[in-house]
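Q: Everything below, folded, please.
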Amino acid sequence: MIIGGKYNWKGQPERLIYLGKNWSGNGYWHQFAEVGSPEKVWCEVLDDQLSSFEETPHDEADDVCDVPPIGWRCTRAKGHSGPCAAIEYSEEVASVARGMRRLKEAPNAGIQRASPASGEAPLE
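A: The predicted model follows:
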């Protein structure tokens, strides 16, 4: 295990960062944090439980700046300092519009819509 490396329990979706083997109350434990909350210990395991982990494959989406709104892309890496170098990305807007159109056209068999609360307009 490499401190700062990304791992997950075999067959599980949680993506974790290895924090190292640290003292925690009653001994030394291998500690992991969730990728979204790297400052907070999410789980602690013993030496013999490390075989239940696997290295998480690198996802290029982790490296992309996620600040610009839909329809724009930043050409700089995630976490960059200063403003984004955003460019228009019309394919994303078209993709979202296409998805919304398909959602509206999808049959709603078996789905019941909630009645609007008094004073609210009905859903369309």
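
Q: So residue 14 belongs to a helix, correct?
A: No - using DSSP: H, G, I helix; E, B strand; the rest coil, the assignment for residue 14 is coil, not a helix.

Q: Can you tell me how far the most centrally placed residue in the chain is from residue 23?
A: Taking Cα atoms, centre = their mean, the centroid of the chain lies closest to residue 36, which sits 7.1 Å from it. To residue 23, residue 36 is 25 Å away according to Cβ to Cβ, to the nearest Å. No exception for glycine: its C-beta is placed from N, CA and C like everyone else's.

Q: what's the answer for residue 46, then?
A: From residue 46 over to residue 23 the distance is 14 Å, taken as Cβ to Cβ.

Q: Test my guess that residue 65 contacts residue 77.
A: Yes - the pair residue 65 and residue 77 qualifies as a contact (Cβ atoms under 8 Å) at a distance of 6.5 Å.

Q: higher neighbour count, these two?
A: Neighbours per residue, other Cβ atoms under 10 Å: of residue 65 and residue 77, the larger number sits with residue 65, 16 against 9.

Q: Could you chop the chain up by domain?
A: 6-55, 62-105 (automatic domain parsing).

Q: So what's the gap between the longest one and the chain middle?
A: Centroid displacement of domain 6-55 relative to its chain, using Cα atoms, centre = their mean, to the nearest Å, is 17 Å.

Q: Also the shortest one?
A: Taking the mean C-alpha point of domain 62-105 and that of its whole chain, the gap between them comes to 15 Å (Cα atoms, centre = their mean).

Q: Can you pull the phi/psi pair for residue 9?
A: phi -60, psi 140 (degrees, to the nearest 10).

Q: residues in contact with it?
A: Contacts for residue 9 (Cβ atoms under 8 Å, 6 or more residues apart in numbering) come out as 16, 52-54.
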